[in-house]
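1. I need the structure of the sequence given here:
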Amino acid sequence: MSGLSTTGFDVKAWLKTMICSLFTLVVATASAHAGSDNYAKTRYPIVMVPGAFAFDNVLGVVDYWYGITDELRRQGAEVYVTNLSSSASNVRRGEELLEDIRQIRALTGASRVNLIAHSQGGPAARYVASLKPEWIESVNCVTCMNEGTEFADNLYAFLNKHILLKWVANVTLSTVFSALDIFSTSSKDGSYNSAYRGVQIAEDLVQAAGTKALDKFNAQFPEALSEMNCELQEKGKLYKGISGPALVNNVSYFSWGGVDVVTNRVDPLDSVLVPVVKIFFPSNARIWDGLVRSCGHPLGQLTEGFYPLNHFDAINQAFGLVRSGIDIPTLYVQNANRLQKAGH
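-> Got it, this is the predicted structure:
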């Protein structure tokens, strides 16, 4: 019997505190060095690829990449923000991104671009990299939904048993998502603006984010996925953070993600949205980020899989209310600097 347990010493809490403190120190040190105007300047432009509930900027007030793209540009990066459908299939979003990149290449004269994708933006980025590898220099996945989420599976099963509730939820959320797309048509975050994506259907998102839909998608577009998938890690009960192939068809793949669920009680996403997600997430233990299993994050070289952040912290939402001491924009600047050093 451990002496630590008999004294009531909480080993797990102590370890978590130490890890968070070390993480904060590393980020702070990196921030101190990241002062150069060219620190984040990459050889090829950076294109930001959003996840579900996607938008560029809402009413000129809130950026999807809150404070992130501003900091990247401040440190020398050439950044373009895309706005994909808020609720659509992975293939439809991939086709939208394909056209965006076609336009950005024409606008900039660049032959290739670096993609930084969040959540459901991961499959869209992978789709383009698979179809047009000559256009893509690198794919960088941030808490990507590469293997779907059981939240979507269970929510969809529940709604199919309650048809009236399903109809109400679908109409309400579809209206919200469609309005979000309309309010994002004025470009505020950079010099590029995606086309209007049209009416959004919430049910399409729930199906697209499910594990079965991503299994099917992954069978068609398997590039850079880790061989140690969620199924081999007891569906997410284990998480070993195993990388996938770092280079496929001359496209470099990188990823990073987190393993925390709730990081800031003041954040409405943590206090309201995460509890709702928990209702439809498996009751048995999973290592997850508040929306998806962390075992689905790795794509290509996993630069870090165990950051103390959740799915929404990864884009600095809401309004930067993340774990105290963590600077999310700096993580993206570090990502860009890694690309710079590798010649991307």
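
2. mind listing the strands for the stretch 51-200 of the chain?
-> Assigned by DSSP state E, counting those that start in this stretch, the strands in the stretch 51-200 of the chain fall at 57-58, 62-63, 79-81, 113-118, 136-142.

3. If you could redo that for the stretch 201-344 of the chain, that was the one I meant.
-> Counting by DSSP E, counting those that start in this stretch, the strands of the stretch 201-344 of the chain are 247-248, 251-258, 301-307.

4. who wins for proximity to Asn229 among the strands of the stretch 51-200 of the chain?
-> strand 136-142 (14.7 Å; Cβ to Cβ). (C-beta placed from N, C-alpha, C; glycine too.)

5. To what extent is Arg105 buried, counted in neighbours?
-> By other Cβ atoms under 10 Å, 18 other residues sit near Arg105.

6. Please list all residues in contact with it.
-> Residues in contact with Arg105, defined by Cβ atoms under 8 Å, 6 or more residues apart in numbering, are Ser111, Val113, Trp135.

7. which among those residues gets closest to Tyr127?
-> Trp135 (12.0 Å).

8. From Val259, how far out is the closest one?
-> 33 Å (Cβ to Cβ, to the nearest Å).

9. what do you get for Lys188?
-> 33 Å.

10. which of those two has more neighbours?
-> Val259 (20 against 15).

11. quick one, what contacts that one?
-> Tyr239, Ile287, Trp288, Asp289, Ser294, Gly305, Phe306, Tyr307, Pro308.

12. The last one: how many residues sit nearby?
-> So the one you mean is Pro308. Pro308, neighbours per other Cβ under 10 Å, totals 19.

13. all helices of the stretch 51-200 of the chain, in order?
-> 68-74, 90-108, 121-131, 150-160, 163-183 (DSSP state H, counting those that start in this stretch).

14. any weak-confidence spans in the stretch 101-250 of the chain?
-> Residue ranges of the stretch 101-250 of the chain with pLDDT under 70: 185-187.

15. try it again with 50
-> Low-confidence segments of the stretch 101-250 of the chain, defined by pLDDT under 50: none present.

16. Okay, buried residues for stretch 204-220 please.
-> Neighbour-count burial for stretch 204-220 flags Asp204, Leu205, Val206, Gln207, Ala208, Ala209, Gly210, Thr211, Ala213, Leu214, Phe217, Asn218 (criterion: 16 or more other Cβ atoms under 10 Å).

17. contacting residues around that stretch?
-> The contact list for stretch 204-220 (Cβ under 8 Å, 6+ apart) reads 52, 86-92, 120, 123, 145-153, 155-156, 159, 177, 225, 296.

18. Ends of it, what's the gap?
-> Stretch 204-220 has an end-to-end distance of 19 Å (Cα to Cα, to the nearest Å).

19. same check, this time on stretch 278-285
-> So stretch 278-285: terminal residues 11 Å apart, Cα to Cα.
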